[in-house]
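Participant: quick check, what structure comes out for this input:
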Amino acid sequence: MDAVCISEEAGARKPEPAMFLEAVRRCGGLRDGGQAWMVGDSAVNDIGGGQAAELRTVWIDRATTWPQDLPQPDHQVPDARAAIDLLGRLGTRRFTA
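Facilitator: Okay, the predicted model is just below:
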């Protein structure tokens with residue numbers, strides 16, 4: 001784990017973009033033109049907040065349907081193991097959850 005980002009310390013809560021940007025900062029920022037990812041199971045707090053912070057997103061759907069009124073995540077997977085496998089296949093080194 002590169003860093004821990006707690007809302008009370010960051011001064012922002014999900015889905016506020018500031019929360020996600022602080023997590024990225026604590027992980028060393030976007031080095032070498034990399035892309036940060038948000039992985040989570042909340043369509044609004046995790047994925048919506050990640051999108052607002054301009055992060056790529058992976059939604060852990062836990063056998064539920066994506067809300068039709070929200071922008072789609074970049075990827076959708078059934079569980080955390082599948083998210084880790086996906087990011088590994090994509091060559092992603094850093095993500096937040």
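Participant: what about the helices in this protein?
Facilitator: For the chain, the helices defined by DSSP state H occupy 7-10, 17-26, 49-52, 80-89.
Participant: what's the third one in contact with?
Facilitator: What it means is helix 49-52. 14-17, 19-20, 37-38, 40, 56-57, 71, 73, 96 (CB atoms under 8 Å, 6 or more residues apart in numbering). Heads up, the C-betas are built off the backbone N, CA and C, glycines and all.
Participant: report the separation between the most centrally placed residue in the chain and residue 62.
Facilitator: What sits nearest the mean C-alpha location of the chain, by CA atoms, centre = their mean, is residue 38, with 0.8 Å. The gap separating residue 38 from residue 62 is 16 Å, by CB to CB, to the nearest Å.
Participant: count the residues that sit near the residue nearest to residue 22 when sequence neighbours are not counted.
Facilitator: Leaving aside its sequence neighbours, residue 22 sits nearest to residue 10 (CB to CB, 6 or more residues apart in numbering; 4.2 Å). By the criterion of other CB atoms under 10 Å, residue 10 has 18 neighbours.
Participant: quick one: residue 10 and residue 27, what's the gap?
Facilitator: Using CB to CB, residue 10 is found at 13 Å from residue 27.
Participant: residue contacts, the residue nearest to residue 18 when sequence neighbours are not counted?
Facilitator: In space, and not counting its chain neighbours, residue 18 is closest to residue 12: 3.7 Å by CB to CB, 6+ apart. Applying CB under 8 Å, 6+ apart to residue 12 gives the contacts 18, 19, 22.
Participant: phi, psi of residue 12?
Facilitator: phi -150, psi 160 (degrees, to the nearest 10).
Participant: quick one: pLDDT of it?
Facilitator: Per-residue confidence (pLDDT) for residue 12: 95.
Participant: ok, it to residue 52 distance?
Facilitator: Residue 12 is 11 Å from residue 52, by CB to CB.
Participant: before we move on, what about residue 80?
Facilitator: Between residue 80 and residue 52 the computed distance is 23 Å (CB to CB).
Participant: neighbour count winner among these two?
Facilitator: Using other CB under 10 Å, the more surrounded residue of residue 80 and residue 52 is residue 52, with 18 against 15.
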